[in-house]
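Chemist: heads up, no residue letters with this:
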């Protein structure tokens, strides 16, 4: 199993915890995707890697006809529970790579916190084929930003001590360049949204337990790392505030 496959396979085993602890997305981001994509009321949407429906729900609430493609059966089950009130939302248990594309064209294809698990060289041309002319691709996700607080510094020291090789960064070509290189999309619009969330020590550890880099650590190493992070937060006697950037890339199909 490749590293990419191993990482995305971890989420389905903790579907309920993922749903409980993973953050959602700013409403302004969803509003901007709707406006910038030009999608009209009742438009057809494809979501790649819908997870437990964190990003699906705000689009469903806006009345779109949504097909969700999610490879994890447990994640899909939780999403189905949240999205049951919306008859125009359909969840298909499948990887995007294996899913038949006989439902095109879509007005909008989006991937929230999931695009980095795809091989963009094959995924981007396929997404273009799935879109109607003028339809839009939106890729977005939350990214924690180091805020330089004493607790954040202690947490970084915990990583340096217990998991110095743990790194969520990627050496991939910038997404905007990869989209441009397909020759299928117009100008890539990039924007970001700052927000924050405070966590108790228990909640922050539970959040980390849903993240694939931590889940793939050997049990003893993961326990030592998370124990040190817990101690850093508890020593501060206050919730730990995480500064987030939600980043959005959006481009409309030109041909």
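Modeler: It's in. The structure presented is a predicted model; accordingly, all values stated were derived computationally and were not measured.

Chemist: When you work out contacts or count neighbours from here on, use the C-alpha atoms and nothing else.
Modeler: Fine.

Chemist: quick one, strands of this structure?
Modeler: For the chain, the strands defined by DSSP state E cover 44-48, 65-70, 89-93, 106-112, 131-145, 189-199, 240-252.

Chemist: I'd like those as TSV, with distance to residue 78 appended.
Modeler: Below are the strands of the chain laid out as TSV (distance: least, Cα to Cα, whole Å):
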stretch	distance to residue 78
strand 44-48	16
strand 65-70	11
strand 89-93	11
strand 106-112	17
strand 131-145	20
strand 189-199	23
strand 240-252	23
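
Chemist: Distance from stretch 71-81 to the middle of the chain?
Modeler: 15 Å (Cα atoms, centre = their mean, to the nearest Å).

Chemist: what's the burial count for residue 149?
Modeler: As a burial measure, residue 149 scores 11 neighbours (other Cα atoms under 10 Å).

Chemist: Tell me the spacing between it and residue 68.
Modeler: 39 Å (Cα to Cα, to the nearest Å).

Chemist: follow-up on the earlier one: between the strands of the chain, which one is nearest to residue 163?
Modeler: strand 131-145 (17.9 Å; Cα to Cα).

Chemist: that older thread, for the strands of the chain, give me TSV that also has mean neighbour count and distance to residue 29.
Modeler: Shown next, in TSV, are the strands of the chain (neighbours: other Cα atoms under 10 Å; distance: least, Cα to Cα, whole Å):
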stretch	mean neighbour count	distance to residue 29
strand 44-48	25	16
strand 65-70	23	18
strand 89-93	17	20
strand 106-112	24	11
strand 131-145	21	9
strand 189-199	14	7
strand 240-252	20	8
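
Chemist: On the pLDDT front, check residue 147 for me.
Modeler: At residue 147, the pLDDT value in this model is 83.

Chemist: ok, it - contacts?
Modeler: With contact taken as Cα atoms under 8 Å, 6 or more residues apart in numbering, residue 147 is in contact with 242, 243.

Chemist: what about the helices in this protein?
Modeler: Counting by DSSP state H, the chain has helices at residues 3-9, 15-21, 27-37, 56-60, 73-83, 120-130, 150-162, 175-181, 201-208, 212-215, 219-236.

Chemist: which residues of this protein score low on pLDDT?
Modeler: 1-5, 8, 167-172 (pLDDT under 70).

Chemist: residues near residue 206, how many?
Modeler: 18.

Chemist: Grab the nearest non-local neighbour of it.
Modeler: residue 21 (6.7 Å; Cα to Cα, 6 or more residues apart in numbering).

Chemist: Tell me who's in contact with that neighbour.
Modeler: Contacts of residue 21 (Cα under 8 Å, 6+ apart): 203, 206, 207, 210.
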